[in-house]
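A.B. asks: sharing a sequence plus its predicted fold:
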Amino acid sequence: MILAPKYIPRLAATVGLFTKYGLGDFAERTGLRALVDDEAADGNGSSPEKAIQFRLRLVELGPAYIKLGQVLSTRPDLIPETYVRELEKLQDEVPPISFEEVVTVVESELGARISKLFDTFEPEPLGTASLGQVHAAVLRGGREVVVKVQRPNIRELLADDLEFFRELASFMTKHTEMGARVDMLGVIQQLERALLDELDYRIEARNAATFRRALAEFARLLVPKVIEGYTTERVLTTERVKGLKVDEVSPLIRMEHDFEPLAEELTRAYLKTIILDGHFHADPHPGNFFVVLPEMANPMTPAELKAIDRRVAPRPVFTAIQRIEQQAQKDAPVADPNIDIKLAIIDFGMTARLSTKMRDQIVHLLMALADNRGDDAAMTLIEIGDPLADFDRAAYTREIAGLIARNFDLAIGEIEAGRVLYEVINISYRQGLRLPAELTLFAKALFNLDGVTGALDPLFSPMQAIRDYANQLAAERAKKDFSPRRLLQMVTEGTDFLANLPHRLEVITQRLATGDFETRVEVPQMAALLNGLQKVANRVFSGLVLAGVVVASALLMPHLRWLGTIGFILAGVIGLYMVVNILLTDRPKRL
């Protein structure tokens, strides 16, 4: 594949972006610098100051680059931790759009003047993001809400940037060493999925309703309801949550309330959405969580609504979101009057789904991490990933086991499951194990979750919660798999297998009888071994040729001195070339 000529100037600008702001090593390792004639100097290399400048420059370049920065913040195997931390701040610091543009979008989407739709609508935004911004408002009747409004013409601005990123990822996959080691197409597909989901607020509304139902059993967690009549593709309206950001809770409040149940319930909820549902909130940074105190007026959880509902017959529902909310109240437990503080979760634009197989593998990985079974964790990671030609299974297993053992011995409150997974991803990259992009997104979510639970309760141990809850969830998962529907599917598949078995056995025996039966055995690193043997054979042959030239030149010297001299010169050139080639090609490759 050849990169389209129209993208060559943008490629040079992208390489310059990395080299100018201290990521020259990243450009070198990814092979980007070799693709263009780039002479930009890195100065003093990466630094906190350059990380800040890099983040600000991405904001200037627009929404697609902001999203790219957010995706890069999930890849500690690609960029230094200083940059990872800085790029996480891209969630908040984005210039706002004007209130006139907000009014135009709201009125065109909802089909009425803003004064007719709302009692009040605050001109100053509560927050801004790369694709939209949020305003406080009050509906007719006094219900407080927040309205998320998409930036005008955002789709057109993103289309060309996404096409460039897609072509660049395909080119790097085929032509660079980094492209072989990292799932570059997966990274860009992750970026595209996130953007496409966030560009349609109806998807985010459905996600919010789904998570409200999925978390209904956790009485301390609050997901605000979607106001469906005020939600379209470009406008999203939800109940307003009033609370404190998790990293802004004062010591006095901590003395008055116990925050450990909040941290534990949040961790259990995340494990449940990952292991049982396979659909989790992929962006749990502290800005998306609010501590709700008893004295604050806030929306009700499904359990609280269930407690005050005195209807004999359920209210009729007409839309998918209404049905989801009705199921949430049905699944919710009876509200506990002793619960004093709750944790509100917002912003479900960035979620992730895991296949059934990936969920099973993540369960095995988490349980191995929690139980200090490094060999089992390494085996699971090898099953998840794609080993490259230079992958050393034994060395990889030793390194993973050592990492897990070191973290297992840490004191409670020091263990961070997300950081351990980040280090696992780094080790996998160095050792030549290519991991799917979904696993890095999961690691990022767990890493951010560690930050939230640590802010709620500094002594909380996520590993202990994983150890206590994972077995229970695995049992519930097994019970779910053996539902009547699943058993019927297994019986049907078993019947089909038995019905086809005689024919398959007949085909195998016929091929054995005619000598047409073939098997294929794949030996790990066989390609590398054959390449090495071929290299040895080539050098032995070259050495024999060189020896022949030297002997022939020596025999010619008494008779044809000039021809013998030419032979010695030729032998010297060949010998020098072989020595230089060996020194250059046999050095260990830098990763």
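C.D. replies: Good, I have the coordinates. No experiment lies behind these values; they were computed from the predicted model shown. Numbers count the residues shown, from 1 in each chain.

A.B. asks: for Ser73, which non-adjacent residue is closest in space?
C.D. replies: The shortest distance from Ser73 to any non-neighbouring residue, by CB to CB, 6 or more residues apart in numbering, is to Leu87 (3.7 Å). Yep, even glycine has a C-beta here, placed from its N, CA and C like the rest.

A.B. asks: how is that neighbour assigned, secondary-structure-wise?
C.D. replies: Following DSSP: H, G, I helix; E, B strand; the rest coil, Leu87 is assigned to helix.

A.B. asks: what's the answer for the one 10 residues further on, then?
C.D. replies: Here Ile97 takes the coil state, with states given by three-state DSSP.

A.B. asks: Arg10 too?
C.D. replies: Assignment for Arg10 (three-state DSSP): helix.

A.B. asks: that one reaches Phe164, doesn't it?
C.D. replies: Yes. Arg10 lies in contact with Phe164 (CB atoms under 8 Å); the separation is 5.7 Å.

A.B. asks: list the buried residues in the helix or strand containing Leu58.
C.D. replies: Using DSSP states H and E, Leu58 maps to helix 48-61. For helix 48-61, burial by neighbour count (16 or more other CB atoms under 10 Å) applies to Lys50, Ala51, Phe54, Arg55, Leu58, Val59.

A.B. asks: Val84 is in contact with the fourth one, correct?
C.D. replies: Same thing as Arg55. No. In this structure, Arg55 is not within contact of Val84 by CB under 8 Å, at 11.0 Å.

A.B. asks: coming back round to it: give me the pLDDT value at the residue nearest to Ser73.
C.D. replies: As predicted, Leu87 sits at a pLDDT of 84.

A.B. asks: and the helices in the stretch 101-250 of the chain, which stretches?
C.D. replies: 114-117, 154-175, 177-181, 184-199, 201-214 (DSSP state H, counting those that start in this stretch).

A.B. asks: may I have the second one as PDB, with CA atoms only?
C.D. replies: The one in question is helix 154-175. What follows is helix 154-175, C-alpha atoms only, in PDB (Å, rounded to 0.1, in the frame of the first residue of the first chain):
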ATOM      1  CA  ILE A 154     -18.400  18.800  13.400                       C
ATOM      2  CA  ARG A 155     -19.000  15.900  11.100                       C
ATOM      3  CA  GLU A 156     -17.500  17.700   8.100                       C
ATOM      4  CA  LEU A 157     -14.500  18.700  10.100                       C
ATOM      5  CA  LEU A 158     -13.800  15.100  11.200                       C
ATOM      6  CA  ALA A 159     -14.300  13.200   8.000                       C
ATOM      7  CA  ASP A 160     -11.000  14.200   6.200                       C
ATOM      8  CA  ASP A 161      -9.000  13.800   9.400                       C
ATOM      9  CA  LEU A 162     -10.400  10.300  10.000                       C
ATOM     10  CA  GLU A 163      -9.600   9.200   6.400                       C
ATOM     11  CA  PHE A 164      -6.000  10.400   6.800                       C
ATOM     12  CA  PHE A 165      -5.600   8.500  10.100                       C
ATOM     13  CA  ARG A 166      -7.000   5.400   8.600                       C
ATOM     14  CA  GLU A 167      -4.700   5.500   5.600                       C
ATOM     15  CA  LEU A 168      -1.700   6.300   7.800                       C
ATOM     16  CA  ALA A 169      -2.500   3.300  10.100                       C
ATOM     17  CA  SER A 170      -2.800   0.900   7.100                       C
ATOM     18  CA  PHE A 171       0.500   2.200   5.700                       C
ATOM     19  CA  MET A 172       2.300   1.800   9.000                       C
ATOM     20  CA  THR A 173       0.900  -1.700   9.500                       C
ATOM     21  CA  LYS A 174       2.400  -2.800   6.200                       C
ATOM     22  CA  HIS A 175       5.700  -0.900   6.200                       C
END
